[in-house]
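In: Model the following, please.
(chains A and B, ligands or ions: 1)
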Amino acid sequence: MGELEAFREEVRGWLLENAPRSLVGQSSSQLEGTWGGRKATYPNPDSRRWLDVAAERGFTAPTWPTAYGGGGLSPAEAKVLQQEMRKLELPLPLIGFGLTMIGPTLLQYGTEEQKLEHLPRICRGEIRWCQGYSEPSAGSDLASLKTRAVREGDTFVIDGEKVWTSYADLADWMFALVRTDPEAKKQAGITFLLLDMETPGVEVRPITLISGSSPFCETFFKDVRVPVANVVGTINGGWTVAKALLGHERSMIADAFGGGSGRGGGARLPELAREYLGEANGGVADPLLRDAIAQNEMDTRCFHLTVQRARDAAKAGHAPGPESSLFKVYATELNQRRYELMIAIAGPQGLGWEGPGFDAEELARTREWLRSRGNTIEGGTSEIQLNIIAKRVLRLPD
Amino acid sequence: MQLVLNEDQELLAKIAADFVREHSPVSRVRALRDAKDPVGFSRELWKQMAELGWLGIPYPESMGGAGLGFAELAVVLEALGRTLAPEPFLSTVLLGGQVLLRGGSDAQQAAWLPKLVKGEAILTLAYQEPRSRYDPRRVATRAEPDGTGLRLSGDKIQVLDGHVADALIVSARTAGDEADADGVGLFLVRAGAEGLEVERQLRIDSRNASLLRLRRVPAEAVAGGAELLERVVDLATAGLCAEMLGAMSEIFDVTLDYLRTREQFGVPIGSFQALKHRAAQLFIEIELARSAVMAATRALDEELDDASSLVSLAKARCSDAFVRVGNESIQMHGGIGMTDEYDMGFYLKRARVAELSFGDAAYHRDRWARRSGY
Ligand SMILES: Cc1cc2nc3c(=O)[nH]c(=O)nc-3n(C[C@H](O)[C@H](O)[C@H](O)COP(=O)(O)OP(=O)(O)OC[C@H]3O[C@@H](n4cnc5c(N)ncnc54)[C@H](O)[C@@H]3O)c2cc1C
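Out: Numbers count the residues shown, from 1 in each chain, chains lettered A, B, ... in the order given. Next up, the predicted model:
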């Protein structure tokens, strides 16, 4: 038995022993599940227990060093863990921007003190993070952001406003971009810093989305005092850190959306179509929708193969190839097309907002469809991704 | 399955690319077309490719081959596809030869396969009929016993390299009606056989294809029926996809160069965002096609259960992508793209023929859905 297979045995045994029975078969994606944090709520007590045992073993952040609360696993071992969890259809013990965005960024750019302060608390699900990038006048043109940080000794004093801050109302800490040099070229005057949302002067107002939920907020800063020690990277050197984090964010989004791992997406399209449209000759009755379903499933498979190709190339020691630049734009568009198709399949039953005549799954699916329209906006719009491909990969002139 | 080229495959890709650059520019295709060349490809280059070991890639060493797989063959076909090389890989190495390798008797294999590997025999597969469209199981041609032998009667269309083939594998039925799944067999017919009429067809891509009229043509049976036929068509489809991938990559590169250099309004046209975004979309399509081709060829080599589904995935992707890249490339070139003098038209014509060979995208989506149980 190879080392990896021995590890697989071990992990399988550990999961069977430690993962709460009630969660087997309840798989979820990067974007739904246990977020942790001071204001954490748990769908049931077992989710809490699952978080605690997994964190104890380092399995909330499998590849991070054990010194910071991670599992210290190699990428190959982490994949085995993921495969074994998938087999049991277990939800991730913990999700959130700590694990997927600021954690990897701190591993790369954080000081030893910052890593020791924040990473273990992320792994244990004690602190929930939000992302303070966008502002009312700085969206795609992020580098034009205006929120000001003025230095007073060992402190930065922050004034300004962020918007579309997902889950700011539930988060404990924020990683934020602020302007520390208003005179410099716009990318050169930005600093990346970490701040506690309980600091006096921080105010959060939720915004309701077209799907009816309010996952994101406006965040206001008035004389908010943050220690200079909370700067990640160098003062005025935040743009480099910001871009690295965006890279992590985009691969997380591609990962979460690339293949219907969401709740409504979990239902296989052909089954859904059989349910709503009936069968003919053993297949889906409506030939046009059947063709569209096949197209979507084939595109999804092709996307997964492309992700695999990038991983196999990385394992073989090649530098990341051009293929990885398409993940965010393609995965999000694929997810949208998938929801469009689910709504088309459900027909009039896809129109429910609440109340009688629609079952819970139908209502949830419809709201997820509405939510999915944001996929091609958040984390950098599709148009911006295409700009990046044209410039960086295809080297087309400005 | 590893979706990355190993060192040997990378070396092969480099050798193939160098060979194509040196010996096989697109101008060759133009010259063959303009001269109405009676052979339709270069016998001399075919021989050179045999010497490089390319024809023997998917044949065992005992027959003079390399005992390698479709992953390797795809690397060569992609390179050849970049300049639309018209040599008879599909007909000989992928169709006719693979039927004999998988269904031929020892005697049939000994008679044909070592010669094939050396570039001394052209083989092909005649399975398409006027009414069969893309379904290889739809066969009206009949095989009837005649004394100790067999005789075939029927019509076949668009038989690749049919007019230069030394032997043709022909699908025909021994039982059942045209649309029956059962009763289809494969038979070997020699060039010049009594009752065989072969007429060259001219398609838009000026590659070799022929009409076959069979009137009581003597033939030998090859073991294997519709299942073998379908498997071999899968192999050829994967090979064609590799060729398509090479061709679309080439015109995309040419188009990118044009976007960087052609100026209008005092700036390179590649600075216009309307064109940038379309180019980025084509890039995405080509990258996805590449993943599908790599997966399909490897699945065939590893004989995975979903190999046929992955072949359908690759063909659906490549069909759509190649036509789209062909159309967009002409559009982004403006007027010059429409001229016969510029090479772009050769690619668009090949794109359309390739799209409709071995089933178009809709056919393969239907096949995928059927194989997935819906
Ligand atoms: C669900 C959701 C969650 C989000 N969560 C967060 C979060 O947690 N934290 C955070 O900081 N931000 C968050 N965002 C904000 C998100 O990053 C921005 O919405 C996004 O970057 C676009 O900025 P904008 O909304 O200002 O649109 P704009 O930049 O004004 O864009 C409007 C339109 O113009 C197009 N456009 C703009 N510039 C160009 C160009 N150069 N070329 C071509 N087209 C262009 C865009 O593609 C878009 O279609 C979230 C957004 C959504 C939808």
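In: okay, CA-based contacts and neighbour counts for the rest of this
Out: Will do.
In: Outline the domain layout of the chain.
Out: Looking at chain A here, since you left the chain open. Domains of chain A are assigned by automatic domain parsing as A:3-123, A:129-236, A:241-393.
In: ah, no, chain B please
Out: Split by automatic domain parsing, chain B gives B:7-117, B:123-224, B:229-371.
In: In TSV, list these along with mean pLDDT.
Out: Converted to TSV, the domains of chain B look like this (pLDDT from 0 to 100):
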stretch	mean pLDDT
domain B:7-117	97
domain B:123-224	96
domain B:229-371	98
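In: closest to A:Ala254 out of these?
Out: A:Ala254 lies closest to domain B:229-371 among those, at 14.3 Å (CA to CA).
In: and that closest one with the ligand, contact?
Out: No. Domain B:229-371 lies apart from the ligand when judged by CA under 6 Å from any ligand atom; the minimum separation is 7.5 Å.
In: I'd like to know which of the domains of chain B is closest to A:Ala149.
Out: domain B:229-371 (35.2 Å).
In: Remind me what the longest helix along chain B packs against, helices and strands.
Out: Across chain B, the longest stretch assigned as helix under DSSP state H is helix B:226-261. Applying 3 or more CA pairs under 8 Å, 6 or more residues apart in numbering or on different chains; DSSP states H and E, we find helix B:226-261 packed against helix B:70-82, helix B:97-103, strand B:184-190, strand B:267-268, helix B:273-301, helix B:307-333, helix B:344-355.
In: So which of these is nearest chain A?
Out: helix B:273-301 (5.3 Å; CA to the nearest CA).
In: Would you mind confirming that B:Asp205 makes contact with B:Phe346?
Out: Yes. B:Asp205 is in contact with B:Phe346 according to CA atoms under 8 Å; the separation is 6.6 Å.
In: what does the stretch 151-300 of chain B have sitting close to chain A?
Out: B:256, B:259-260, B:268, B:270-271, B:273, B:276-277, B:279-281, B:284, B:287-289, B:291-292, B:295 (CA under 8 Å from any CA of the partner chain).
In: how does it look with 7 Å?
Out: Residues of the stretch 151-300 of chain B lying close to chain A by CA under 7 Å from any CA of the partner chain are B:260, B:270-271, B:276-277, B:280, B:284, B:287-288, B:291-292.
In: Export those as JSON lines, with columns for neighbour count.
Out: Shown next, in JSON lines, are those (neighbours: other CA atoms under 10 Å in any protein chain shown):
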{"residue": "B:Arg260", "neighbour count": "17"}
{"residue": "B:Gly270", "neighbour count": "28"}
{"residue": "B:Ser271", "neighbour count": "17"}
{"residue": "B:Lys276", "neighbour count": "26"}
{"residue": "B:His277", "neighbour count": "21"}
{"residue": "B:Ala280", "neighbour count": "22"}
{"residue": "B:Ile284", "neighbour count": "23"}
{"residue": "B:Glu287", "neighbour count": "20"}
{"residue": "B:Leu288", "neighbour count": "27"}
{"residue": "B:Ser291", "neighbour count": "25"}
{"residue": "B:Ala292", "neighbour count": "34"}
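In: Output the helices and strands packed on helix B:226-261 in TSV, with distance to A:Pro65 appended to each entry.
Out: Formatted as TSV, the helices and strands packed on helix B:226-261 follow (distance: least, CA to CA, whole Å):
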stretch	distance to A:Pro65
helix B:70-82	38
helix B:97-103	52
strand B:184-190	62
strand B:267-268	49
helix B:273-301	33
helix B:307-333	39
helix B:344-355	51
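In: Sweet, I'm off.
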